[in-house]
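Participant: Predicted model and sequence below, questions to follow.
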Amino acid sequence: MAKNQSSNRNNGNNSRPPLDLVNQFLENQSKELDNATQEIELKKLNEQNAFAYGCKALDAQKEDRKEQREQM
């Protein structure tokens, strides 16, 4: 009896995982890739917004200093 159980365990280690488990794994991987893509796009948008804000802030500072020089 013990020999039979040991044999069954060895066969279980060599068997393939259930198809639904593989499908779930692949679906999860796909969702993770989608999430990573969205995260990259959000970071890109954030960088673009920060750059645009920085440019406008520099333009405003440039204009302020120009006005200060004209008043002197």
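Facilitator: Okay, I see it.
Participant: going forward, measure contacts between C-alpha atoms and count neighbours the same way
Facilitator: Will do.
Participant: how close does K66 get to M72?
Facilitator: Here the criterion is Cα to Cα, to the nearest Å. By it, K66 lies 10 Å from M72.
Participant: and the strand or helix carrying Q38, what's its mean pLDDT?
Facilitator: Here Q38, judged by DSSP states H and E, is contained in helix 19-71. Model confidence over helix 19-71, given as mean pLDDT, is 97.
Participant: Counting by contacts, list what that helix packs against.
Facilitator: Using 3 or more Cα pairs under 8 Å, 6 or more residues apart in numbering; DSSP states H and E as the contact criterion, helix 19-71 has no neighbours among helices and strands.
Participant: State the phi and psi torsions of R16.
Facilitator: Its backbone dihedrals place R16 at phi -80, psi 150, with angles given as degrees, to the nearest 10.
Participant: Could you report the distance from it to Q24?
Facilitator: R16 sits 15 Å away from Q24, taking Cα to Cα as the criterion.
Participant: Between these two, point out the one with more neighbours.
Facilitator: For the pair R16 and Q24, the greater number of neighbours falls to Q24 (11 against 8), based on other Cα atoms under 10 Å.
Participant: Three-state assignment for P17, please.
Facilitator: Reduced to three states with DSSP: H, G, I helix; E, B strand; the rest coil, the structure at P17 is coil.
Participant: That one: how many residues sit nearby?
Facilitator: By other Cα under 10 Å, neighbour count at P17 equals 10.
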